[in-house]
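**Student:** can't give you the sequence, but here's the structure:
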């Protein structure tokens, strides 16, 4: 019971960001993950009752988690009037289109790995959070953390925790409804599953984005990157 209390307390911390100027909303993704984790039994029941093939439902879960993530990230940058937003694209609709390739790649990675290996929600959160630290913005975040360690170690650690919680929450939200949807006793728990899923997430995310780029090119391509404030949506 005390563990649930601590979890709820950590989930409430991001709400403090709403009182900053400008408001910080990106970390709310972790708050939503905590709420979903607490209600995981209900989420799994709903998932099992939904019609459709498992591969489709899992893909939709990752795409929905991705839409939520990118929307919060876009809003966070928009409220800060960021000149160089840390997004796939400064315009929201274009960002979400690219995101379908990125998070579709993540869905494919997890679908492949979960055919042979079992993951708990906590393990999925951990491995995705850690890969986020090293691969966010193509490694720029990790480099920034290393650069800040000597001059401002607290800021470096907080940045790492922030990235860890955000990335972990994306996979966590998608995995919660499907954690117990198979006979997990027949699946392997070998440690190699962590390396495999990281490799697949990174490679298939790039592949998915490349496919979206090719497909969008047939329809005139995405709009050029412009000010997120002057051109928020397209």
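**Tutor:** Yep, that arrived. If you're wondering where the values come from, they're calculated on a predicted model, not measured in any experiment.

**Student:** okay, and for this structure, where does confidence drop off?
**Tutor:** 180-185 (pLDDT under 70).

**Student:** If you count neighbours, what's buried in the helix or strand that contains residue 48?
**Tutor:** Residue 48 belongs to helix 40-49 when assigned by DSSP states H and E. For helix 40-49, burial by neighbour count (16 or more other CB atoms under 10 Å) applies to 40, 43-44, 47. No exception for glycine: its C-beta is placed from N, CA and C like everyone else's.

**Student:** Any chance you could list what contacts that helix?
**Tutor:** Here helix 40-49 makes contact (CB atoms under 8 Å, 6 or more residues apart in numbering) with 36, 57, 61, 121, 176-181.

**Student:** show me what contacts the residue positioned nearest the centre of the chain?
**Tutor:** Computing the C-alpha centroid of the chain and ranking residues by CA atoms, centre = their mean puts residue 170 first, at 3.0 Å. By CB under 8 Å, 6+ apart, residue 170 lies in contact with 29, 65-66, 69, 103, 106, 128.

**Student:** ok, back up a step: after the helix holding residue 48, which helix or strand is next?
**Tutor:** Criterion used, DSSP H and E; the element after helix 40-49 is helix 54-79.

**Student:** next one: that next one to chain centre, how far?
**Tutor:** Offset of helix 54-79 from its chain centre (CA atoms, centre = their mean, to the nearest Å): 7 Å.

**Student:** Check stretch 131-147 too.
**Tutor:** On CA atoms, centre = their mean, the centre of stretch 131-147 falls 15 Å from the chain's centre.

**Student:** And that stretch, what's buried?
**Tutor:** So for stretch 131-147, counting by 16+ other CB under 10 Å, buried means 131-133, 135-136, 141-142, 144-145.

**Student:** just stretch 79-96 next, same as before
**Tutor:** 79, 82, 85, 87-92, 94-96.

**Student:** the helices in this structure, which residues?
**Tutor:** 2-12, 28-38, 40-49, 54-79, 92-113, 121-135, 140-149, 153-175, 192-217 (DSSP state H).

**Student:** looking at these, which is closest to residue 21?
**Tutor:** Closest approach to residue 21 among those is made by helix 54-79 (9.5 Å; CB to CB).

**Student:** List the buried residues in that closest one.
**Tutor:** 57-59, 61-63, 65-66, 68-79.

**Student:** ok so, going back, farthest pair within the contacts of helix 40-49?
**Tutor:** 57 and 121, at 16.6 Å, using CB to CB across the contacts of helix 40-49.

**Student:** Now do stretch 3-20: everything it contacts.
**Tutor:** In contact with stretch 3-20 (CB under 8 Å, 6+ apart) are residues 23-28, 30-31, 33-35, 37-38.
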